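[1] Give me coordinates for this.
(one chain, ligands or ions: 2)
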Amino acid sequence: MSKIEKFIQDIFFPNRCPFCDKFVRWDKLSCEECLIKLPFVDERVCPLCGKEQCICSKGLYYDKCYTVCFYEGIARDGIIALKTKNAINAAEIFADFLSGKIACDEETYDMIIPVPMSNGKKAERGYNQAEEIAKFISQRTKIPLNSNILSKKGGNIEQHALNAEERALNAKNEFFVKENVNLNGKKIILCDDVITTGNTLNECARLLKSLGALRIACAVAATTSLKNE
Ligand SMILES: [Zn+2]
Ligand SMILES: [Zn+2]
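    Ligands and ions are numbered 1, 2, ... in the order given. So this is what the prediction gives:
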């Protein structure tokens, strides 16, 4: 969206901070206070699996994981607002941090792929929050976005209603390759809003590696911390 479009939109839909819901200037993404209060991840989070309680021994198909925040406090509020109240500002803020991390890394990437949402859910919500984050990362890093390779079935089983074993099996049955492309030698960023068990990202990474992908780095806005699991 251009600056003038943002300015005009603000007249009809005043811009709000996605973390505390306060009004903010049309050209800001959040209020200053929230930005410094975000629960940023620290060295407790494993840079390879993206979890505080390392899951690397589970046999992961992805190679590393960039994360911004712990999924708690205002970061959690922002992600919930992104999912339920169209708070796209949150996607842009998390994408800014993730793009910075990707740019600092010596690794280069060929493509960004968002974790898909089922068509039914996307129609209901109007957008896929993972894809919104991925779009902003693509804009900033100039790495092309591809939302056509992976897809998700319309199943409506909520992950949190399942135990660990059922979650892993559910993830395995939910995602599929929509467009059978050759990803030989490609280095891919797989983007999602939150990493919880890692099963979703791992299953998507498995599918991408089955198409030949060489390396997969996950880029997620938030990771659940030990005290919230
Ligand atoms: Zn705020
Ligand atoms: Zn790990």
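[2] Flag the shaky bits of this structure, pLDDT-wise.
    Under the criterion pLDDT under 70, the flagged ranges of the chain are 155-160, 229.
[3] what residues does the chain put near ligand 2?
    Listed as neighbours of ligand 2 in the chain under the rule CB under 5 Å from the ion: 46, 48-49, 54, 56. C-betas here are computed from N, CA, C, even on glycine.
[4] What about the residues you listed, which are in strands?
    Among the residues of the chain next to ligand 2, the subset assigned to strands under DSSP state E is empty.
[5] Just flag the most distant two among those residues.
    Maximum pairwise distance among the residues of the chain next to ligand 2 (CB to CB): 7.8 Å, between 48 and 54.
[6] tell me, what's touching those two both at once?
    Taking CB atoms under 8 Å, 6 or more residues apart in numbering as the criterion, residue 48 and residue 54 do not both touch any residue.
[7] Let's have the residues of the chain next to ligand 2 in CSV, adding distance to residue 132 and neighbour count.
    Formatted as CSV, those follow (distance: CB to CB, whole Å; neighbours: other CB atoms under 10 Å):
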residue, distance to residue 132, neighbour count
46, 26, 17
48, 26, 15
49, 24, 25
54, 29, 13
56, 29, 12
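[8] Out of these, flag the one nearest to residue 9.
    Ranked by distance to residue 9 (CB to CB), the residues of the chain next to ligand 2 are led by residue 49 at 38.9 Å.
[9] Which phi and psi values does the closest one adopt?
    Dihedral pair for residue 49: phi -100, psi -20, per degrees, to the nearest 10.
[10] Hmm, residue 174 and residue 153 touching each other?
    Yes: at 5.3 Å, residue 153 and residue 174 qualify as touching, with contact defined as CB atoms under 8 Å.
[11] More neighbours: which of these two?
    residue 174 (20 against 13; other CB atoms under 10 Å).
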